[in-house]
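# build me a structure from this.
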Amino acid sequence: MTFSNFETMPVASTPEPAPQILDTSMMNVGVPSELNQTFPQPEEDKQLKKEEDDKKRMDAFIKTLIKMTCYLHELQTQSHLIHFNYEAENFLAVHEFLKTQYKTHQEQFDKLGEFIRSMDFLLPMCRKGLLEGSSKFEHVKTYEPKGMLMTYFKNLETLGSECKKAQATARKNKVIDVENYLGELCGDLFKSAWMIKAALRN
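Below is the predicted model of the structure:
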């Protein structure tokens, strides 16, 4: 082949290189797993903390309501037994008053318990649980008429004061229905305490 023939030979075109595919499967090999985690942004941190705080506050609030419910159950029993055992000159008036009281306490117990269940929380299942929930309740230790009523009167005022605190917490937790009822319950308890106090002054 002469040089002239070589110059006139067709030249094959050079193939374009195939596209390269980036293999990422080995990119994070040897990197600690904690460094590959996605960390929450400051806004997410604030939201998570708020949710946790709200849950803790609600749990504490429910525990308070359960204790109050247990306390109401004890008030119902106490007023019923004083209704039976009270003996004094004003027996008829006190007997009738306490009959209204123990029926009212039963309704209060039922209503507050329903509020707790409506928020998907449970109440104690037996007498033992009720007693544990009302550990600060003062029990009657005498058959003396004034002593009976004084103990009951103090228990009414104690629960009335707890209602005030719980109502403020209900407002913070935006549980409007419970907040409204606690105001009503507080008024009923202090009214009953006032009526007993007025009778004891005689």
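
# and K136, helix, strand or coil?
In terms of secondary structure, K136 is coil; the call rests on DSSP: H, G, I helix; E, B strand; the rest coil.

# contact partners for the nearest residue to it once chain neighbours are set aside?
The spatially closest residue to K136, leaving aside those adjacent along the chain, is T158, at 7.3 Å (CB to CB, 6 or more residues apart in numbering). In this view, the C-beta of every residue, glycine as well, is placed from N, C-alpha and C. Residues touching T158, when contacts are defined by CB atoms under 8 Å, 6 or more residues apart in numbering, comprise 71, 136, 138.

# measure the second one to F115 for me?
Between K136 and F115 the computed distance is 21 Å (CB to CB, to the nearest Å).

# ok, these two, which is more surrounded?
F115 (18 against 11; other CB atoms under 10 Å).

# now name the helix or strand holding T77.
Assigning secondary structure by DSSP states H and E places T77 in helix 42-85.

# which strands and helices sit next to that helix?
In this structure, helix 42-85 makes packing contacts with helix 91-118, helix 127-133, helix 145-172, judged by 3 or more CB pairs under 8 Å, 6 or more residues apart in numbering; DSSP states H and E.

# just to revisit the earlier point, go through the contacts of T158 and say which is closest to F190.
Among the contacts of T158, Y71 lies closest to F190 (CB to CB), at 14.7 Å.

# just the helices and strands packed on helix 42-85: most buried one?
Burial of these is given as mean neighbour count (mean count of other CB atoms under 10 Å); helix 145-172 ranks first at a mean of 18.

# next, the angle helix 91-118 makes with that one.
What separates the directions of helix 145-172 and helix 91-118 is an angle of 30 degrees, with axes from the mean of the first three to the mean of the last three CA atoms, to 10 degrees.

# what's the spacing between helix 145-172 and its chain's center?
Once both centres are worked out by CA atoms, centre = their mean, to the nearest Å, helix 145-172 turns out to sit 20 Å from its chain's centre.

# repeat for stretch 133-152
Stretch 133-152 has its average C-alpha position 29 Å from the chain's average C-alpha position, going by CA atoms, centre = their mean.

# and that stretch, average pLDDT?
Averaged across stretch 133-152, the pLDDT comes to 95.

# now do stretch 53-62
In this model, stretch 53-62 carries a mean pLDDT of 90.

# just want the most central residue of the chain.
Closest to where the C-alpha atoms of the chain average out (CA atoms, centre = their mean) is I62, at 2.6 Å.

# contacts only, for that residue.
Contacts for I62 (CB under 8 Å, 6+ apart) come out as 116, 119, 121.

# format those residues as a markdown table; extra columns: pLDDT and distance to E107.
Listed next are the contacts of I62 as a markdown table, based on pLDDT from 0 to 100; distance: CB to CB, whole Å:
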| residue | pLDDT | distance to E107 |
| --- | --- | --- |
| I116 | 97 | 15 |
| M119 | 94 | 20 |
| F121 | 95 | 20 |
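
# for the chain, what are the low-confidence residue spans?
For the chain, the stretches flagged by pLDDT under 70 are 1-41, 202.
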